[in-house]
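Could you look at this predicted model? Sequence included:
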Amino acid sequence: MSGFVEKPEPVEVPGLTHLHTGKVRDLYRNEAGELVMVASDRMSAYDWVLPTEIPDKGRVLTQLSLWWFDQLSDLVPHHVLSTELPAGAPADWAGRTLICRSLEMVPVECVARGYLTGSGLAEYEQSRTVCGLALPEGLTDGSELPAPIFTPATKAAVGDHDENVSYEEVARQVGAETAALLRQTTLAVYGRARDIARERGIILADTKFEFGFADGTLVLADEVLTPDSSRFWPADQWQPGRAQPSYDKQFVRDWLTSPASGWDRRSEQPPPALPQEVVDATRAKYLEAYELLTGRSWSDSF
C-alpha cells in the first residue's frame, strides 16, 4: 500500500478543467485546450506523498525548470507557452504555474546517468550492467561512468515504482526511430546540463526527462533538471565509495528511515508528519540548489 497519505481536493478555477493530481503537480486544461501545470509544495518519498509540505518547493521547481529551458532551447524545444496566472486562480499559484502546449506524450522516462548510484548501482552489483548496458569492473557508489548512458524507465502511477527497461524494450514500444531520437536528445541535454552545473561546483549525477511530440517535433516537457528529477551533488564533497551528500530530499529520506520517525517503510502504515527541522533543512537545500545553479538570489525572485 502506498500513494497519498492525504490526497488533496483539486482547486476549482473558472474556465479550468481538472485532469489529474500527481505526486507534486496538479494538471488542468483551459478553454483554449492548453495544459495548466501547477507545482505544489508536496513532498514524496518511498512511493508515498507525505502529509507535510516543504514551503516554496513548487516555486523552486517551476523557476528552476524555466531557467533550464532557456539554457537548452537551442537543443530541443520545450512545452511552456506562458507563465501568466489564469484568471480567477488563487494568488498562491503565482510563480508555480505554467501554461503549456498539449503534447502527445512518449510513455517512457528518459534517464541519463553520468555516475553510478541508486537503482543503477543495485543492478551493477548484481550483473555489472545498468539497463542491460555492460559497464567495467571496479566501479562503486558514486563512480563516474566512462561515458554518460541512456537508461530508460517505464512511467509509474502514484504509489508505484518506475521500472528500468532496456533500450530494446523502448524501441519495441515506440519504434526504432523514436527510440534513437530519445536517446540522442536525452544524452545531448544531459551533457549540456552537466557542463553548466560543473561550472557552478555541482555534479549532475543523473536526471530524468519527459518528452512529447507536437506536429511531429520532439518537445521537452514537465519539469527539467530540478532536485526532484535529478541527483545534484556538491563537487567539492564528491568521494566515490559512499553515498554522496546531495541537493534534494535526502534529509526527508534519512529521517523517515531513522528510529526517530518510528516508521517501518516495509509496513502498510503511512509515514508520519515531518518535524520542523527536517522541513527547514530540506527547504534550504532546494533554495541552495536554485541559487547555485542560476546565480540568482531566491529572496530577489519572490
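Noted; the coordinates are in hand.

Strands of the stretch 101-250 of the chain, residue ranges please.
Shown for the stretch 101-250 of the chain, the strands assigned by DSSP state E, counting those that start in this stretch span residues 104-105, 108-115, 129-130, 133-134, 144-150, 153-154, 163-164, 202-214, 217-221, 230-234.

what's the least confident stretch among those?
Comparing mean pLDDT across the strands of the stretch 101-250 of the chain, the weakest is strand 163-164, with a mean of 84.

strands paired with that strand, and their directions?
strand 153-154 (antiparallel) (DSSP bridges).

Other residues contacting the strand it pairs with?
Pro107, Val108, Glu109, Val111, Asp162, Glu163, Asn164, Val165, Lys208 (CB atoms under 8 Å, 6 or more residues apart in numbering). Bear in mind the C-beta positions are built from the backbone N, C-alpha and C, glycine included.

cutoff 10 Å now
Identification of contacts with strand 153-154 by CB atoms under 10 Å, 6 or more residues apart in numbering yields 107-111, 119, 131, 160-165, 169-170, 173, 208.

any weak-confidence spans in the protein?
For the chain, the stretches with pLDDT under 70 are 1-2, 156-162, 302.

Repeat the analysis, applying 50 as the threshold.
Counting by pLDDT under 50, the chain has low-confidence residues at 1, 158-159.

which residues in it form helices?
57-72, 118-127, 167-174, 176-199, 250-256, 276-294, 298-301 (DSSP state H).

Run through the residues that contact the residue most central in space within the chain.
In the chain, the centroid-proximal residue (CA atoms, centre = their mean) is Ser229; its distance is 1.7 Å. Contact partners of Ser229, counting by CB under 10 Å, 6+ apart, are 24, 61, 64-65, 109, 111, 206-210, 222-223, 248.

So which of those wins on neighbours?
Phe209 (26 neighbours; other CB atoms under 10 Å).

Look up the closest residue to it, ignoring the ones flanking it.
Once flanking residues are discounted, Phe209 sits nearest to Cys110: 4.5 Å by CB to CB, 6 or more residues apart in numbering.

correct me, but that neighbour touches Val189?
Yes. Because the distance of 8.9 Å satisfies CB atoms under 10 Å, Cys110 is recorded as touching Val189.

Now do the shared contacts for the two.
Common contact partners of Cys110 and Val189 (CB under 10 Å, 6+ apart): Thr207, Phe209, Phe211, Leu220.

Please report the distance of the third one from Ala89.
Between Phe211 and Ala89 the distance, using CB to CB, to the nearest Å, works out to 27 Å.

Comparing these two, which residue is more hemmed in?
Each of Phe211 and Ala89 has its neighbours counted (other CB under 10 Å); Phe211 has more, 24 against 19.

Tell me the bridge partners for that one.
With DSSP bridges as the rule, Phe211 is bridged to Leu220.

how many other residues sit next to Glu84?
10.

typo on my end, Asp47
Asp47 has 15 neighbours, counted by other CB under 10 Å.

Leu181 too?
17.

hmm, back to that, can I get the strands of the stretch 101-250 of the chain in TSV including distance to Gln276?
As requested, the strands of the stretch 101-250 of the chain are exported to TSV (distance: least, CB to CB, whole Å):
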stretch	distance to Gln276
strand 104-105	38
strand 108-115	32
strand 129-130	38
strand 133-134	43
strand 144-150	37
strand 153-154	34
strand 163-164	35
strand 202-214	27
strand 217-221	35
strand 230-234	24
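
related to what we said a few turns ago, check the contacts of Ser229 against Gly138 and report the nearest one.
Closest approach to Gly138 among those (CB to CB): Asp206, at 19.5 Å.

what bridges to the nearest residue to the closest one once chain neighbours are set aside?
Of all residues not flanking Asp206 in the chain, Arg113 sits nearest, at 4.2 Å (CB to CB, 6+ apart). On the basis of DSSP bridges, Arg113 is bridged to Ile149, Asp206.
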